[in-house]
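Enquirer: can't give you the sequence, but here's the structure:
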């Protein structure tokens, strides 16, 4: 799991997972306690891209991708799979993320059009303005249209001007801040919303996400307990599961996600939760179970991109490189986001096709520029991708900047790896240790720590952590897993 983006149950972005990375199902907002339900405890950058493409003499291919890229910038946490691997973006079903009743037809664009028409006739409907703002945030995330963020902001401002302090708009602002990776702002807005309505599901969920993304895991666990007490349901269950996964409690995470899946009925919810279960299984190296969960997700929604990406990654880890490449090509043709672009590039590189790999990495650079141009903090994305496939100095600058903003296990790992590739292994080691300090079972983190320990002369520790990475998830990344095995062979030969 992540997310998301992430990081948190993205999406919860989730750590990023971003798993789970802040776009996991956010649910609707109730005015009071639910009457039923059982809680968990109870039951301009496109042009630059074109110039780059021309310089690399592959303009036709990259320029074609640039048009897709321009509409693929999402606000949820995106967990990047750099050489060390990564996690899939967690994308919540729109039906679970926008309220109240906006998507009865399942068509977000039609719902927005209807809301706009309604607000022209009833411009003082503060609830309608808040719902429109949330719909814009969701549309930015699912359709990759970052121009919707300023529109969302204006809609929330209009709602608050009409009804100062209304919790729907405050919770919406929290969701918008999280989408832009402003997690301190998201937390502040969520807290304000909860003062107005302690049972706002959206505010409760964004609060968990923000605390996770700020690295405040103990507080996030308490927030997840509170959310489960007040608004039990799929949006809360997925976040509750991710908080436990981050602490190494995979059994509880799996149980809670299975409970969430058993209660899901909407195709979007089934696809979302089954994908989270698939990611959890993949993280533990159980590729057969992961593929089964992804199949269930795609049976509910055959076009669910996170499940398509997860299936491709599981195929790659299982040795089906051709199937994985075909799957990831389909994913990036729909949404050329950093995670699948890097994963596809690494598969090409592992197969010896460096030109095709370079095309994918170039698009990651372009995505980062587009994200920043539209107000999204992309430093974690930059650090993870550039450390192995770009400008190492830029990777370190980005990682340091992200660490200054939020101190999560994911940012600790990114900073450790950026320091390592820049030749600063003694400085990197404390961050690598911090990344693995919560018990979170992540093969990438263990691999990075092992490589850094080897570079600092700690051979015994390096062997321990490289073995642990490969035992946990032997196919965690096409290049990372290969390099881990090579390093371990050298270390064992030196014994």
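Expert: Alright, I've got the coordinates. Note that this is a predicted model, so its numbers are computed, not measured.
Enquirer: so how far is the strand or helix carrying residue 177 off the chain centroid?
Expert: Using DSSP states H and E, residue 177 sits in helix 167-179. Distance of helix 167-179 from its chain centroid, counting by CA atoms, centre = their mean, to the nearest Å, is 18 Å.
Enquirer: Output the contacting helices and strands for the following helix or strand past it.
Expert: Where DSSP H and E defines the elements, the next helix or strand beyond helix 167-179 is helix 183-196. For helix 183-196, the packing partners by 3 or more CB pairs under 8 Å, 6 or more residues apart in numbering; DSSP states H and E come out as helix 167-179, helix 201-213. C-betas here are computed from N, CA, C, even on glycine.
Enquirer: what mean pLDDT does helix 183-196 have?
Expert: The average pLDDT within helix 183-196 is 96.
Enquirer: elements contacting the host helix or strand of residue 226?
Expert: Remark: residue 226 resides in helix 217-230, with elements defined by DSSP H and E. In terms of contacts (3+ CB pairs under 8 Å, 6+ apart), helix 217-230 is packed against helix 201-213, helix 234-246.
Enquirer: all strands for the stretch 201-350 of the chain, in order.
Expert: Counting by DSSP state E, counting those that start in this stretch, the stretch 201-350 of the chain has no strands to list.
Enquirer: was I right about residue 453 contacting residue 465?
Expert: Yes - taking CB atoms under 8 Å as the definition, residue 453 is a contact partner of residue 465 at 6.4 Å.
Enquirer: can you list the weak-confidence ranges in the stretch 251-400 of the chain?
Expert: Low-confidence segments of the stretch 251-400 of the chain, defined by pLDDT under 70: 374.
Enquirer: Can I get the helices and strands packed on helix 183-196 in a markdown table including mean pLDDT, distance to residue 328 and mean neighbour count?
Expert: Shown next, in a markdown table, are those (pLDDT from 0 to 100; distance: least, CB to CB, whole Å; neighbours: other CB atoms under 10 Å):
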| stretch | mean pLDDT | distance to residue 328 | mean neighbour count |
| --- | --- | --- | --- |
| helix 167-179 | 95 | 25 | 29 |
| helix 201-213 | 96 | 26 | 33 |
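Enquirer: for residue 352, helix, strand, or coil?
Expert: At residue 352 the chain is in coil, as set by DSSP: H, G, I helix; E, B strand; the rest coil.
Enquirer: ok, it to residue 293 distance?
Expert: Between residue 352 and residue 293 the computed distance is 32 Å (CB to CB, to the nearest Å).
Enquirer: quick revisit: make JSON lines out of the helices and strands packed on helix 217-230 and add distance to residue 490.
Expert: Formatted as JSON lines, those follow (distance: least, CB to CB, whole Å):
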{"stretch": "helix 201-213", "distance to residue 490": "37"}
{"stretch": "helix 234-246", "distance to residue 490": "32"}
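Enquirer: Any idea which of these gets closest to residue 191?
Expert: Distance to residue 191, taken as CB to CB, is lowest for helix 201-213 among these, at 6.9 Å.
Enquirer: related to what we said a few turns ago, orientation of the helix holding residue 177 relative to helix 201-213 in degrees?
Expert: For helix 167-179 against helix 201-213, the angle by axes from the mean of the first three to the mean of the last three CA atoms, to 10 degrees is 30 degrees.
Enquirer: so what secondary structure elements neighbour helix 167-179?
Expert: helix 126-143, helix 148-162, helix 183-196, helix 201-213.
Enquirer: Are we agreed that residue 453 is in a helix?
Expert: Yes - judged by three-state DSSP, residue 453 forms part of a helix.
Enquirer: OK, contacts around it?
Expert: Applying CB atoms under 8 Å, 6 or more residues apart in numbering to residue 453 gives the contacts 429, 432, 459, 461-462, 465.
Enquirer: and of those, the nearest to residue 257?
Expert: residue 465 (27.4 Å).
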